[in-house]
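In: what follows is a predicted protein model with its sequence.
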Amino acid sequence: MMKINRYNWKTMNSKEKETLFSRSEIDIKDVQESVKDIIKQVREKGDTALLSLNHKFDKTPLDMKLRVSEQEFDQAESLLSEEVKKALQYSIDNVRRFHSSQLPEAMKMVEIQPGLLVGEKAIPIDSVGLYVPRGRGFFPSMLYMLSIPAVTAGVRRVCVVTPPDENGTVDPACLYAAKLCGVHEIYKVGGAQAIAALAYGTESIEKVEKLSGPGSMYVTAAKRLLYDQVDVGLPAGPSESIVLADGSANPQKVALDLMIEAEHGSDSAALLITHDSNLADNCERIIKELCAELPEPRKTFVEDVMKGYGGIIVTDSLEESAEVANLFATEHLQIQTKEPFHTLSLIKNAGEILLGENTPFSIANYAAGPNAVLPTGGNAKTWSAVSVRDFIKYSSVIFSTEAALNEISPHVECLADYEGFTTHGDALKKRRK
């Protein structure tokens, strides 16, 4: 019989809350030593280590080429149905339209006093490495979610790393999506070794300035260990979601939406938070019925999540449900309440917020437009979804006329003298002599 965790928020003890809120962080700590060894191998042996680790983890040939060839790109399109190609183009168009709206002005200046102009210059990051996972399936959607904002931002060099299959090939839909996005540099390597290669560089893979993309606990651990070597970007680990619902919600739709992120893998987290016990009862029953119909391995994934990092939390009120959701700070949050826009006003921590029963996680994951690469592990308290802004840096720009310099100087000289910086003041005083 399938087990679904069920909690009453008021009676949950601190250990239960800690376990639930830590998600798969517990597991990540367990792999850090193994990841340290992988990083060491890649740093010391480069491509040789990558080929050896590919063979070990993905059963690939030892003599495979790491970089995807032009021939492989060309073949990819012929391997896909017209239906899949059309769906990819539709989704990419929506995502590109949304991210184009995020582009900042190349230069913005304001005159804050006569003759003193200040502003910012937006400059694309020079090189980025995008991690597209494969472990439990193929993810062309992840490729375009990462590639589009980077390309839109104007990044000079965008490269992708993704685990190959045992034949040493990459999913054709990923290659086709990459071509549509304008990305032509893809390497067949995954896991912690791919992160190490992007951070340090190898004979085949030139190092990058920033990483982006979600991954397994090994990928997450590698990013944490390499944060001082490369900008590791958004903390995006195993998938997680919350459905926040009241008694007006349709239990069938709630159950289906709760299972969406759960089917990503056993290390995912999926919670229903509600103050309506009848809804909780009905959803629990329906989840069991729906799960029984799922094919493997999705069935096992959902079962594992519901007895692991997922389940149902029953609260005393809508306000308390929102409070719990804010504490959890989930990657994906869906609101199925009578007045979803009112409930939205209660939410302050979530990677994305989907409103109403007609906005399932599915459409956001693929084609709605906003990015589906989101902060996990509670990091939605301080991080946002991947965007064009992630691939742009800003340089402050200041221009002063002589008149403006003369006006500002006495105040600067006073503060420089107070802080004991003699030359700061002299640089102004001696200009006037």
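Out: Right, received. Where do you want to start?
In: tell me where the stretch 251-400 of the chain has strands.
Out: In the stretch 251-400 of the chain, the strands defined using DSSP state E, counting those that start in this stretch lie at 269-274, 311-314, 330-336, 350-355, 392-400.
In: nearest to E293, out of those?
Out: Of all the strands of the stretch 251-400 of the chain, strand 269-274 sits nearest to E293, with 17.4 Å by Cβ to Cβ. For every residue, glycine as well, the C-beta is placed using N, CA and C.
In: partner strands of that closest one, with direction?
Out: Paired neighbours of strand 269-274 in the sheet (DSSP bridges): strand 240-245 (parallel), strand 311-314 (parallel).
In: pick the most deeply packed of the strands of the stretch 251-400 of the chain.
Out: Among the strands of the stretch 251-400 of the chain, strand 330-336 has the highest mean neighbour count (mean count of other Cβ atoms under 10 Å), at a mean of 29.
In: and that strand, what other elements does it pack with?
Out: Counting by 3 or more Cβ pairs under 8 Å, 6 or more residues apart in numbering; DSSP states H and E, the packing neighbours recorded for strand 330-336 are strand 240-245, helix 251-262, strand 350-355, helix 361-366.
In: in CSV, list the ones you listed along with mean pLDDT and distance to T152.
Out: Listed next are the helices and strands packed on strand 330-336 as CSV, based on pLDDT from 0 to 100; distance: least, Cβ to Cβ, whole Å:
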stretch, mean pLDDT, distance to T152
strand 240-245, 98, 27
helix 251-262, 97, 26
strand 350-355, 98, 19
helix 361-366, 97, 18
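In: for K288, find the nearest of these.
Out: Of the helices and strands packed on strand 330-336, nearest to K288 by Cβ to Cβ is helix 251-262, at 9.1 Å.
In: which one of the helices and strands packed on strand 330-336 has the most crowded surroundings?
Out: strand 240-245 (a mean of 30).
In: how about S248, secondary structure?
Out: Secondary structure assignment for S248 (DSSP: H, G, I helix; E, B strand; the rest coil): coil.
In: now the helices for the stretch 51-200 of the chain?
Out: 70-78, 82-100, 140-153, 172-181, 191-200 (DSSP state H, counting those that start in this stretch).
In: of all the ones you listed, which lies closest to E16?
Out: Of all those, helix 191-200 comes closest under Cβ to Cβ, at 31.2 Å.
In: for the helix or strand harbouring E18, C-alpha coordinates in CSV please.
Out: Using DSSP states H and E, E18 falls within helix 14-22. Only the C-alpha atoms of helix 14-22 are listed here, as CSV (Å, rounded to 0.1, in the frame of the first residue of the first chain):
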residue,chain,number,x,y,z
SER,A,14,11.0,20.2,15.3
LYS,A,15,12.7,17.1,13.9
GLU,A,16,9.9,16.4,11.4
LYS,A,17,10.0,20.1,10.3
GLU,A,18,13.8,20.0,10.0
THR,A,19,13.7,16.8,7.9
LEU,A,20,10.9,18.1,5.7
PHE,A,21,12.5,21.6,5.2
SER,A,22,16.0,20.2,4.5
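In: what sits up against that helix?
Out: Outside helix 14-22, the residues within contact range by Cβ atoms under 8 Å, 6 or more residues apart in numbering are Y7, M12, I26, A269, L271, Y309, G311, L327, F328, G378.
In: report how many residues lie close to the second one.
Out: Translated: M12. The number of residues packed near M12 is 14, by other Cβ atoms under 10 Å.
In: shaky segments in this structure?
Out: The chain contains residues with pLDDT under 70 at 24-27, 135-137, 433.
In: domain map for it?
Out: 6-23+238-369, 27-225, 402-430 (the TED database).
In: which residues does the closest residue to I353 other than its chain neighbours bridge with?
Out: Take I353 and drop its neighbours on the chain: the residue closest to it by Cβ to Cβ, 6 or more residues apart in numbering is L333, 5.0 Å away. Beta-bridge pairing for L333 (DSSP bridges): I242, I353.
In: how near is G213 to S78?
Out: Using Cβ to Cβ, to the nearest Å, G213 is found at 27 Å from S78.
In: one step back: ok, the contacts of helix 14-22 vs D246, which is closest?
Out: Comparing those against D246 with Cβ to Cβ places L271 closest, at 15.2 Å.
In: can you show me the CA trace of stretch 104-118 as PDB?
Out: In PDB, the C-alpha atoms belonging to stretch 104-118 read as follows (Å, rounded to 0.1, in the frame of the first residue of the first chain):
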ATOM      1  CA  PRO A 104      18.100  46.300 -20.100                       C
ATOM      2  CA  GLU A 105      19.200  49.500 -21.700                       C
ATOM      3  CA  ALA A 106      22.900  49.200 -22.900                       C
ATOM      4  CA  MET A 107      23.700  52.400 -21.000                       C
ATOM      5  CA  LYS A 108      21.500  54.400 -18.600                       C
ATOM      6  CA  MET A 109      22.700  57.800 -17.200                       C
ATOM      7  CA  VAL A 110      21.000  60.300 -15.000                       C
ATOM      8  CA  GLU A 111      22.200  63.900 -14.000                       C
ATOM      9  CA  ILE A 112      21.900  63.900 -10.200                       C
ATOM     10  CA  GLN A 113      23.100  67.400 -10.000                       C
ATOM     11  CA  PRO A 114      24.200  69.900 -12.600                       C
ATOM     12  CA  GLY A 115      27.300  68.500 -14.400                       C
ATOM     13  CA  LEU A 116      27.400  65.200 -12.500                       C
ATOM     14  CA  LEU A 117      26.200  62.300 -14.700                       C
ATOM     15  CA  VAL A 118      26.000  58.800 -13.200                       C
END
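In: picking that back up, distance to V386 added to the domains of the chain, as a markdown table?
Out: Output for the domains of the chain, formatted as a markdown table (distance: least, Cβ to Cβ, whole Å):
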| stretch | distance to V386 |
| --- | --- |
| domain 6-23+238-369 | 10 |
| domain 27-225 | 6 |
| domain 402-430 | 39 |
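In: and those: which comes nearest W383?
Out: Of all these, domain 6-23+238-369 comes closest under Cβ to Cβ, at 7.7 Å.
In: how much space between the spatially closest residue to I287 that is not a sequence neighbour and N358?
Out: Excluding its sequence neighbours, the residue lying closest to I287 (Cβ to Cβ, 6+ apart) is A255, at 4.8 Å. Taking Cβ to Cβ as the measure, A255 and N358 are separated by 16 Å.
In: still on that earlier bit, nearest to Y218, out of the helices and strands packed on strand 330-336?
Out: That would be strand 240-245 among the helices and strands packed on strand 330-336, by Cβ to Cβ, at 17.8 Å.
In: what's the angle from the closest one to helix 251-262?
Out: 170 degrees (axes from the mean of the first three to the mean of the last three Cα atoms, to 10 degrees).
In: residues in contact with strand 240-245?
Out: Here strand 240-245 makes contact (Cβ under 8 Å, 6+ apart) with 23, 254, 257-258, 260-262, 268-274, 276, 279, 309, 321-322, 325, 328, 330-337, 343, 350, 361, 376-377.
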